[in-house]
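Student: here is my input, please return the structure:
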Amino acid sequence: MPSRTAPLESLLEVVPGAVVGVDRSGVIRYVNRHAERLFGYDQKDLVGKPIETLVPESVRPGHPAHREAYFAGPGTRRAQPDRDGAAGARPEPSPRCLRGRRQDGSEFPLNLSLTRLDTEDGLMVIAAVRDLTEHERARQKDDQMSRLAAMVEQSDDAIIGKTLEGIITTWNPAAEKLYGYSSQEMIGKSVSLLIPPERSGEMTAILAKIRAGQHVDHFETVRVRKDGTRLSVSLSVSPICDSDGAIIGASTIGRDVTTQSRAREAARSMIESSLDSLVSIGPEGKITDANAATVKLTGVPREELIGTSFSSYFTDPKKAERIYQLVFSQGMAVDYPLTMRHLDGTPTEVLYNASVYRDADGRVLGVFAAARDVTKQVQAQRAVAEEQASALDRLAELERFQRLTVGRELKMIELKKEVESLRRLIRTDDDQ
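Tutor: Sure thing, here's the model as predicted:
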């Protein structure tokens, strides 16, 4: 084997790249220091080993045939991977492995430049190896960016990119359709052009969260189209980072929820117009929503009702808790009598009807309860009951009086009869 101080070896040592020398039998005869670093071996661990040591195990069986074909061929050849990781579509290169294997077993893409060289020890192939890992990463990143760009272009959601100052940098076709502005009209402009004056603080608040690395998910708000009309949108905003991880902008995905918003508003209007107290209650027994009728019956503002215990607004909290548990166990409760208590102490008699509500997968989310004020009916029933009780008392009194009166009359009759009997007796005695 030539020594490292031989002229050729000295020359190859200063080559700015990994170089491996292989003899015709496929045995490694020389590696320079760049090759040692690239493959993770010391020179002594490679020299004398087959070149297949540096080839991935999956292609080792066929590699000797490729090597022998090259030794039999002419000139200098170059091989590099195409976009699919296979050999390029050049006519001259023979098939060869275009991935290397390091000592730790990891693999990497490479570019080979092969040169045949006649030496005193026979024909040798000098392989210049270039690591394409970074090139492959860059290509993959470009492919990823291309796919991402295609997804953005084809998305049904409006996707807008902007700087941390709110200046628009990207504007996809769906954004054009949603807001009515073309990309030429919006790129370079402030996103505030879409925000109603009364909501101008939203952009500042959202961008402050983005600078802090936070995400904003499903934020419902109002935006203005080019023609001046307003629409309800749901926005999800995420940070955009550069290659070093620094936040340089924000990406906003917007979806038109005007129809859903109007439907919710209509449903809310119906709920608010109800004369019955309506509340939704979470699994832990806390109020999650309440209408105006509930506020009126309790005297507690809606924002203070939400998050408090449902049972705490009744004269008998334990009885109120039982209705909640009853609904969870049986699915519903019908005409359950309770007494609500106003902050000022005023009681309200109600009949509760409640049932569980579920999500799209059938999981129970909580209880929806409706309470009807039946105070007047209860008071009327009590008045009737009191009148009936009073009438019964009077009837009993009259019956007692009647019994006394009739008894007195019977005694008078008996007394008269006795008097007459005595008189007759006296007259008889007189006659005698």
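Student: surely residue 181 meets residue 223?
Tutor: No. Using CB atoms under 8 Å, residue 181 is not in contact with residue 223, being 11.2 Å away. C-beta coordinates here come from the backbone N, C-alpha and C atoms, glycine included.
Student: and those two? Which one has more around it.
Tutor: A side-by-side neighbour count of residue 181 and residue 223, using other CB atoms under 10 Å, places residue 223 first with 22 against 18.
Student: how about the contacts made by that one?
Tutor: Going by CB atoms under 8 Å, 6 or more residues apart in numbering, residue 223 touches 179, 194, 195, 196, 230, 231, 233, 254.
Student: one more time with 10 Å
Tutor: Taking CB atoms under 10 Å, 6 or more residues apart in numbering, we find residue 223 in contact with 158, 178-179, 191, 193-196, 199, 202, 229-233, 235, 254, 256.
Student: which of the helices or strands spans it?
Tutor: strand 216-224 (DSSP states H and E).
Student: got the buried residues for that strand?
Tutor: Within strand 216-224, the residues scored as buried using 16 or more other CB atoms under 10 Å are 216, 219, 222, 223, 224.
Student: okay, those in JSON lines with distance to residue 381 next?
Tutor: What follows is the buried residues of strand 216-224, written out as JSON lines (distance: CB to CB, whole Å):
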{"residue": "216", "distance to residue 381": "55"}
{"residue": "219", "distance to residue 381": "51"}
{"residue": "222", "distance to residue 381": "50"}
{"residue": "223", "distance to residue 381": "56"}
{"residue": "224", "distance to residue 381": "57"}
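Student: would JSON lines of those with pLDDT and distance to residue 117 be doable?
Tutor: Shown next, in JSON lines, are those (pLDDT from 0 to 100; distance: CB to CB, whole Å):
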{"residue": "216", "pLDDT": "92", "distance to residue 117": "64"}
{"residue": "219", "pLDDT": "92", "distance to residue 117": "68"}
{"residue": "222", "pLDDT": "93", "distance to residue 117": "75"}
{"residue": "223", "pLDDT": "95", "distance to residue 117": "70"}
{"residue": "224", "pLDDT": "95", "distance to residue 117": "74"}
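Student: from these, which two are the most distant?
Tutor: Spanning the widest gap among the buried residues of strand 216-224 are 216 and 224, at 19.4 Å by CB to CB.
Student: any idea how this structure splits into domains?
Tutor: With domains defined by automatic domain parsing, the chain comprises 7-137, 156-261, 274-378.
Student: save the ones you listed as CSV, and put in distance to residue 398 too.
Tutor: Output for those, formatted as CSV (distance: least, CB to CB, whole Å):
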stretch, distance to residue 398
domain 7-137, 107
domain 156-261, 70
domain 274-378, 30
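Student: which one of these has the poorest average confidence?
Tutor: Lowest mean pLDDT within these: domain 7-137, a mean of 77.
Student: gap between it and the chain center?
Tutor: 50 Å (CA atoms, centre = their mean, to the nearest Å).
Student: switch to numbering from 31
Tutor: Right, with 31 as the first residue, what we last looked at is domain 37-167.
Student: picking up where we left off before, what strands line up against the strand holding residue 253, and which way round?
Tutor: Strand 246-254 pairs in its sheet with strand 260-271 (antiparallel), by DSSP bridges.
Student: buried sites along the strand it pairs with?
Tutor: Across strand 260-271, burial judged by 16+ other CB under 10 Å covers 261, 262, 263, 264, 265, 267, 269, 270.
Student: what angle separates the helix or strand following it from strand 246-254?
Tutor: Sequence order places strand 277-286 as the next helix or strand after strand 260-271, per DSSP H and E. What separates the directions of strand 277-286 and strand 246-254 is an angle of 60 degrees, with axes from the mean of the first three to the mean of the last three CA atoms, to 10 degrees.
Student: any buried residues in the next helix or strand after strand 277-286, and which?
Tutor: Counting by DSSP H and E, the next helix or strand C-terminal to strand 277-286 is helix 288-303. Neighbour counts using 16+ other CB under 10 Å place 291, 301 of helix 288-303 among the buried residues.
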